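Q: Next one to model:
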Amino acid sequence: MRTVTIGLMAVVTVLGVVVGMMWFDLKAMRDADAAGVEALAAARSMAPDLLSYDYRTIEQDLARAAGHTTGPLTAQYRELAATLGSKARAQKTVQTAAVVAAAVERAEADRAEILLFVNTGTVKEVPGKAEPQRQISQNRARFVMVRQEARWLVADLSTLIGTA
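A: Okay, here's the model as predicted:
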(Lines give C-alpha, C1' and ligand atoms only; values in the text may rest on other atoms or scores of the structure.)
Protein backbone atom coordinates (compact mmCIF):
# COMPACT_ATOMS: atom_id res chain seq x y z
CA MET A 1 0.00 0.00 0.00
CA ARG A 2 2.84 2.34 0.87
CA THR A 3 4.48 1.70 -2.51
CA VAL A 4 1.25 2.55 -4.34
CA THR A 5 0.93 5.80 -2.37
CA ILE A 6 4.51 6.79 -3.16
CA GLY A 7 3.97 5.88 -6.81
CA LEU A 8 0.80 7.96 -6.99
CA MET A 9 2.54 10.90 -5.34
CA ALA A 10 5.35 10.66 -7.90
CA VAL A 11 2.84 10.58 -10.76
CA VAL A 12 0.95 13.57 -9.33
CA THR A 13 4.23 15.49 -8.92
CA VAL A 14 5.32 14.74 -12.50
CA LEU A 15 1.88 15.70 -13.83
CA GLY A 16 2.03 18.94 -11.82
CA VAL A 17 5.40 19.80 -13.36
CA VAL A 18 4.17 18.95 -16.88
CA VAL A 19 0.99 21.01 -16.47
CA GLY A 20 3.02 23.93 -15.11
CA MET A 21 5.40 23.77 -18.07
CA MET A 22 2.46 23.59 -20.49
CA TRP A 23 0.85 26.60 -18.81
CA PHE A 24 4.04 28.65 -19.21
CA ASP A 25 4.35 27.57 -22.86
CA LEU A 26 0.72 28.51 -23.49
CA LYS A 27 1.26 31.91 -21.86
CA ALA A 28 4.35 32.51 -24.01
CA MET A 29 2.40 31.54 -27.16
CA ARG A 30 -0.46 33.88 -26.24
CA ASP A 31 1.98 36.71 -25.48
CA ALA A 32 3.69 36.12 -28.85
CA ASP A 33 0.35 36.12 -30.67
CA ALA A 34 -0.70 39.39 -29.02
CA ALA A 35 2.71 40.93 -29.78
CA GLY A 36 2.42 39.84 -33.41
CA VAL A 37 -0.95 41.56 -33.77
CA GLU A 38 0.40 44.78 -32.22
CA ALA A 39 3.62 44.74 -34.24
CA LEU A 40 1.71 44.05 -37.46
CA ALA A 41 -0.54 47.07 -36.92
CA ALA A 42 2.47 49.26 -36.10
CA ALA A 43 4.41 48.07 -39.16
CA ARG A 44 1.45 48.72 -41.48
CA SER A 45 1.07 52.26 -40.17
CA MET A 46 4.82 53.06 -40.23
CA ALA A 47 5.66 51.60 -43.64
CA PRO A 48 4.42 54.58 -45.71
CA ASP A 49 6.57 56.95 -43.60
CA LEU A 50 9.62 54.70 -43.92
CA LEU A 51 9.31 54.06 -47.66
CA SER A 52 7.92 57.38 -49.00
CA TYR A 53 9.45 60.78 -49.61
CA ASP A 54 8.94 63.98 -51.58
CA TYR A 55 11.92 65.93 -52.90
CA ARG A 56 10.35 69.15 -51.56
CA THR A 57 10.21 67.85 -47.97
CA ILE A 58 12.77 65.05 -47.98
CA GLU A 59 14.62 66.09 -44.83
CA GLN A 60 11.38 66.20 -42.83
CA ASP A 61 10.18 62.95 -44.44
CA LEU A 62 13.36 61.07 -43.50
CA ALA A 63 13.40 62.61 -40.01
CA ARG A 64 9.81 61.42 -39.50
CA ALA A 65 10.82 57.96 -40.75
CA ALA A 66 13.82 57.87 -38.40
CA GLY A 67 11.40 58.56 -35.53
CA HIS A 68 9.90 55.10 -36.15
CA THR A 69 13.29 53.36 -35.96
CA THR A 70 15.77 52.23 -33.35
CA GLY A 71 19.38 51.12 -33.23
CA PRO A 72 21.56 51.12 -36.34
CA LEU A 73 18.54 51.71 -38.60
CA THR A 74 18.17 55.21 -37.12
CA ALA A 75 21.76 56.00 -38.13
CA GLN A 76 21.12 54.58 -41.61
CA TYR A 77 18.18 56.97 -42.07
CA ARG A 78 20.37 59.89 -41.01
CA GLU A 79 22.98 58.85 -43.59
CA LEU A 80 20.26 58.39 -46.20
CA ALA A 81 19.03 61.93 -45.57
CA ALA A 82 22.52 63.23 -46.38
CA THR A 83 22.84 61.30 -49.65
CA LEU A 84 19.30 60.88 -50.96
CA GLY A 85 18.23 64.49 -50.46
CA SER A 86 20.39 66.03 -53.18
CA LYS A 87 19.64 63.23 -55.65
CA ALA A 88 15.88 63.45 -55.03
CA ARG A 89 15.89 67.24 -55.42
CA ALA A 90 17.95 67.04 -58.62
CA GLN A 91 15.53 64.52 -60.16
CA LYS A 92 12.47 66.02 -58.46
CA THR A 93 11.51 62.58 -57.20
CA VAL A 94 8.37 61.79 -55.27
CA GLN A 95 7.97 58.24 -53.98
CA THR A 96 4.82 56.98 -52.32
CA ALA A 97 4.29 53.62 -50.69
CA ALA A 98 1.04 51.89 -49.80
CA VAL A 99 0.81 48.62 -47.89
CA VAL A 100 -1.51 46.23 -49.71
CA ALA A 101 -0.98 43.20 -47.47
CA ALA A 102 1.04 42.23 -44.42
CA ALA A 103 1.62 39.19 -42.26
CA VAL A 104 3.50 38.13 -39.16
CA GLU A 105 6.38 35.81 -40.02
CA ARG A 106 7.62 35.27 -36.48
CA ALA A 107 6.70 36.81 -33.15
CA GLU A 108 7.90 36.82 -29.57
CA ALA A 109 6.69 38.97 -26.69
CA ASP A 110 8.99 41.92 -27.55
CA ARG A 111 10.13 41.18 -31.12
CA ALA A 112 8.37 40.37 -34.38
CA GLU A 113 9.24 39.94 -38.03
CA ILE A 114 6.62 41.37 -40.35
CA LEU A 115 6.39 40.75 -44.11
CA LEU A 116 4.82 43.61 -46.05
CA PHE A 117 3.61 43.74 -49.64
CA VAL A 118 3.92 47.33 -50.80
CA ASN A 119 2.88 49.17 -53.95
CA THR A 120 5.38 51.92 -54.68
CA GLY A 121 4.74 54.82 -57.01
CA THR A 122 7.65 56.95 -58.20
CA VAL A 123 7.44 60.17 -60.19
CA LYS A 124 10.60 61.85 -61.56
CA GLU A 125 11.03 64.82 -63.82
CA VAL A 126 13.12 63.95 -66.86
CA PRO A 127 15.15 66.78 -68.41
CA GLY A 128 13.95 67.60 -71.90
CA LYS A 129 10.57 65.87 -71.49
CA ALA A 130 7.31 67.63 -70.80
CA GLU A 131 5.79 64.71 -68.90
CA PRO A 132 7.39 63.29 -65.76
CA GLN A 133 8.46 59.65 -65.69
CA ARG A 134 6.00 57.54 -63.67
CA GLN A 135 6.63 54.07 -62.37
CA ILE A 136 4.58 51.77 -60.20
CA SER A 137 6.15 48.68 -58.70
CA GLN A 138 5.17 45.94 -56.32
CA ASN A 139 7.70 45.23 -53.59
CA ARG A 140 8.09 43.15 -50.49
CA ALA A 141 9.74 44.36 -47.32
CA ARG A 142 10.55 42.72 -44.01
CA PHE A 143 10.45 44.82 -40.86
CA VAL A 144 11.99 43.57 -37.64
CA MET A 145 9.89 45.23 -34.99
CA VAL A 146 10.98 45.56 -31.36
CA ARG A 147 8.95 46.79 -28.42
CA GLN A 148 10.62 49.62 -26.55
CA GLU A 149 8.67 50.72 -23.51
CA ALA A 150 5.08 51.00 -24.74
CA ARG A 151 5.69 51.36 -28.49
CA TRP A 152 6.87 49.26 -31.39
CA LEU A 153 9.83 50.49 -33.46
CA VAL A 154 11.55 49.19 -36.58
CA ALA A 155 14.98 47.76 -35.73
CA ASP A 156 15.75 46.43 -39.20
CA LEU A 157 14.27 46.89 -42.64
CA SER A 158 15.11 44.80 -45.65
CA THR A 159 13.52 44.66 -49.05
CA LEU A 160 13.19 41.40 -50.86
CA ILE A 161 13.56 43.16 -54.22
CA GLY A 162 16.29 45.81 -54.38
CA THR A 163 17.38 47.94 -51.45
CA ALA A 164 15.53 50.44 -49.30
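Q: and T5, what is it in contact with?
A: T5 makes no contacts at all, as judged by Cβ atoms under 8 Å, 6 or more residues apart in numbering. Placement of C-beta: from N, CA and C, glycine included.
Q: Report the secondary structure element holding the residue positioned nearest the centre of the chain.
A: The chain has F143 as the residue nearest its centroid, 2.8 Å off, counting by Cα atoms, centre = their mean. Applying DSSP states H and E as the criterion places F143 in strand 133-148.
Q: That strand packs against which elements?
A: helix 2-51, strand 111-124, strand 151-159 (3 or more Cβ pairs under 8 Å, 6 or more residues apart in numbering; DSSP states H and E).
Q: what angle separates the last one from strand 111-124?
A: With axes from the mean of the first three to the mean of the last three Cα atoms, to 10 degrees applied, the angle from strand 151-159 to strand 111-124 works out at 60 degrees.
Q: Now do strand 151-159: everything it contacts.
A: 38-39, 42-43, 46, 50, 68-71, 73, 111-112, 139-147, 164.
Q: With distance to T93 and mean pLDDT added, can I get the helices and strands packed on strand 133-148 in CSV?
A: Putting the helices and strands packed on strand 133-148 into CSV (distance: least, Cβ to Cβ, whole Å; pLDDT from 0 to 100) gives the following:
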stretch, distance to T93, mean pLDDT
helix 2-51, 13, 78
strand 111-124, 5, 95
strand 151-159, 17, 94
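Q: Would you mind putting the ones you listed into JSON lines with distance to E59 alongside?
A: Listed next are those as JSON lines, based on distance: least, Cβ to Cβ, whole Å:
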{"stretch": "helix 2-51", "distance to E59": "14"}
{"stretch": "strand 111-124", "distance to E59": "19"}
{"stretch": "strand 151-159", "distance to E59": "19"}
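Q: and of those, who's closest to Q91?
A: Among these, the nearest to Q91 by Cβ to Cβ is strand 111-124 (4.7 Å).
Q: residues of the closest one that come out buried?
A: Buried residues in strand 111-124, defined by neighbour count with 16 or more other Cβ atoms under 10 Å: 111-116, 118, 120, 122-124.
Q: Kindly report the same for stretch 49-64.
A: Neighbour-count burial for stretch 49-64 flags 49-53, 55, 58, 61-62, 64 (criterion: 16+ other Cβ under 10 Å).
Q: Appreciated, that's everything.
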